[in-house]
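Need a 3D model of the sequence below.
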Amino acid sequence: MNLKNAIFIGVVVLSLSSCTSDIDEFKNNYTLEITNDKSDWNEDDTVQISLIDDGSIGVDSVVWTQNARRLDDVEGITLSRKLKNQPYGDLTYKVKVYHNGMVTTAATSINLKNPVAPKILNYTIVNTYPHSNVYTQGLEFHEGKLYESAGQYGESSIRITEAETGIVLKEKELPDTVFAEGLTILNNNIYQLTWRGRFGYIYDLDLNQTGQFKYGSSSKEGWGLCNDGEFLYKSDGTDKIWKLDPNTFEELEYIQIVSKGKSLTQINELEWVNGKIYANIYQENAIMIVDPATGALEAAIDLKDLKNQIPNWDKEDNVLNGIAYDKVSNRLFVTGKRWPKMFEIEVTQ
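Next up, the predicted model:
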């Protein structure tokens, strides 16, 4: 190697080292500071947050988010936000900082407590119907028929059944490598999740597959699914429910399910009922009624006595999982994993 080449290589190495150092310095430069920090936050408060440019590197532009939702009404390096009508639980604020073609993120969070305890509701059984012994993961009533997603590796499928007889009208089996999860129907498209595959299937109403989708990278897994007529809502086995764009499947924002004093984890099957999300918690014998705007647990339907009617009930496996609402006739159906029965119930005080 001649002297000229050695000098050139040395200059390149020093240049790359300098660039790496500049990028690292940029990424570690910015922090968020809550300027009115306190130990307990309530909905009468206003949170104030400032972006701190520790090394005075500079800021070209910023994008703020709250629980993954972009805050288009916030500009500049300071945020002032009233907490009235905001989601309960951990409110995570992030800011993307752009400067000289580089981008980095800073974050902070507060915890907004839900001050109201949920109501405990009861039920009466209106009708009992036969149900096949599939590992129910998702259930939805649509145009007089039940659409059901069944899980487990080697057993997963999607099917259409008659609610009153349990007769399977049509069924599509999935590959043995797939563990199916929740489903929902929006605009005559069926969306079916997989557990850890980070993707889902799209079908028409006759179970003909028309596509696949991948959801965002922030949510943990695919568990339950429902819709409000415009957006999809997905649980991931944590205390979060994610709001998804049904066209791009981007994770737009999330709520935490929060009771008085704590959040509830392992949120599973979901159903949209009269403006609320009905959700069950894995291995719990209850349906939670959740405000989709705030995540507040408003009520819980105590279904523990249903297990007495299930001969193969098992607290570890064959548990409550399956909620379907017939909005035309105002009927609510519940079943479970491998339960031989499905129940039409009426919620009571």
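
Would you mind listing where the protein has pLDDT under the threshold?
Where the chain drops to pLDDT under 70, the residues are 1-20.

Write down the beta-bridge partners of the nearest residue to L244 once chain neighbours are set aside, one by one.
Spatial nearest neighbour of L244, excluding adjacent residues (Cβ to Cβ, 6 or more residues apart in numbering): L232 at 4.1 Å. (Glycine included, C-beta is placed from N, CA and C.) L232 has the following beta-bridge partners by DSSP bridges: N227, L244.

how about L232, what does it touch?
By Cβ atoms under 8 Å, 6 or more residues apart in numbering, the residues touching L232 are T184, L186, Y191, L225, C226, K243, L244, D245, P246, F249.

Quickly list the domain ranges of the protein.
11-112, 119-348 (automatic domain parsing).

where exactly do the helices run in this protein?
3-27 (DSSP state H).

you'd agree T335 is up against E344?
No - T335 is not in contact with E344 according to Cβ atoms under 8 Å; the separation is 10.3 Å.

Just want to know which of the two has more residues nearby.
Neighbour count, other Cβ atoms under 10 Å: between T335 and E344, T335 has more, with 27 against 19.

Tell me how far the more buried one lies from N274.
Per Cβ to Cβ, to the nearest Å, T335 is found 20 Å from N274.

for V258, same thing?
In terms of Cβ to Cβ, V258 sits 21 Å off from N274.

of those two, who's got more company?
Between V258 and N274, counting by other Cβ under 10 Å, V258 is the more crowded of the two (24 against 9).

beta partners for the more buried one?
Here V258 sits in beta bridges with S263, A296, going by DSSP bridges.

that older thread, just say which of the domains of the chain is most tucked in.
Across the domains of the chain, the average number of neighbours (mean count of other Cβ atoms under 10 Å) peaks for domain 119-348, which reaches a mean of 18.

how long is that one from one end to the other?
In domain 119-348, first residue to last residue: 11 Å (Cα to Cα, to the nearest Å).

How far off centre is that domain?
In terms of Cα atoms, centre = their mean, to the nearest Å, the centre of domain 119-348 is found 12 Å from the chain centre.

Now do the residue nearest to Q66 when sequence neighbours are not counted against P87, distance only.
Using Cβ to Cβ, 6+ apart and skipping the chain neighbours, the partner closest in space to Q66 is Y93 (5.7 Å). Distance, Y93 to P87, by Cβ to Cβ: 12 Å.

isn't I267 right up against E221?
No - the pair I267 and E221 fails to qualify as a contact (Cβ under 8 Å) at a distance of 11.3 Å.

Overlap in contacts, the two.
Shared contacts of I267 and E221, counting by Cβ under 8 Å, 6+ apart, come down to D236, G237.

quick revisit: got a list of what the residue nearest to Q66 touches?
Contacts for Y93 (Cβ under 8 Å, 6+ apart) come out as L32, V47, I49, W64, T65, Q66, L79, A107, T108, S109, I110.

Let me have the residues you listed in TSV, adding distance to I323 as columns.
Formatted as TSV, the contacts of Y93 follow (distance: Cβ to Cβ, whole Å):
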residue	distance to I323
L32	39
V47	35
I49	38
W64	35
T65	31
Q66	29
L79	38
A107	34
T108	36
S109	31
I110	32
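
Closest one of the residues you listed to G211?
Closest approach to G211 among those (Cβ to Cβ): T65, at 28.5 Å.

And the contacts of stretch 303-315?
Surrounding stretch 303-315, the residues in contact under the criterion Cβ under 8 Å, 6+ apart are 123, 128, 133, 283, 285-287, 318-320, 334, 336, 338-341, 343, 345.

how about the closest residue in space to K240 that isn't next to it in sequence, what does it touch?
Nearest non-adjacent residue to K240, counting by Cβ to Cβ, 6+ apart: Y254, 4.6 Å away. Y254 is in contact with N67, A68, S218, S219, K240, I241, W242, K243, counting by Cβ under 8 Å, 6+ apart.

sorry, back to before: how close does the residue nearest to L244 sit to S156?
Distance, L232 to S156, by Cβ to Cβ: 20 Å.

again with Q256
Taken as Cβ to Cβ, the span from Q256 to S156 is 29 Å.

same check, this time on E253
Taken as Cβ to Cβ, the span from E253 to S156 is 29 Å.

cool, K119 as well?
36 Å.

Same check on L332?
From L332 to S156 the distance is 26 Å (Cβ to Cβ).

so what's the nearest residue to K145 once chain neighbours are set aside bridging to?
Spatial nearest neighbour of K145, chain neighbours left out: I160 (5.3 Å); criterion: Cβ to Cβ, 6+ apart. Beta-bridge partners for I160, by DSSP bridges, are Y147, K170.

Contacts only, for I160.
With Cβ under 8 Å, 6+ apart, I160 has these contacts: K145, L146, Y147, E148, V168, L169, K170, E171, L207.

likewise G144?
A163.

next one: L207
L207 touches I158, R159, I160, K170, E171, K172, I190, counting by Cβ under 8 Å, 6+ apart.
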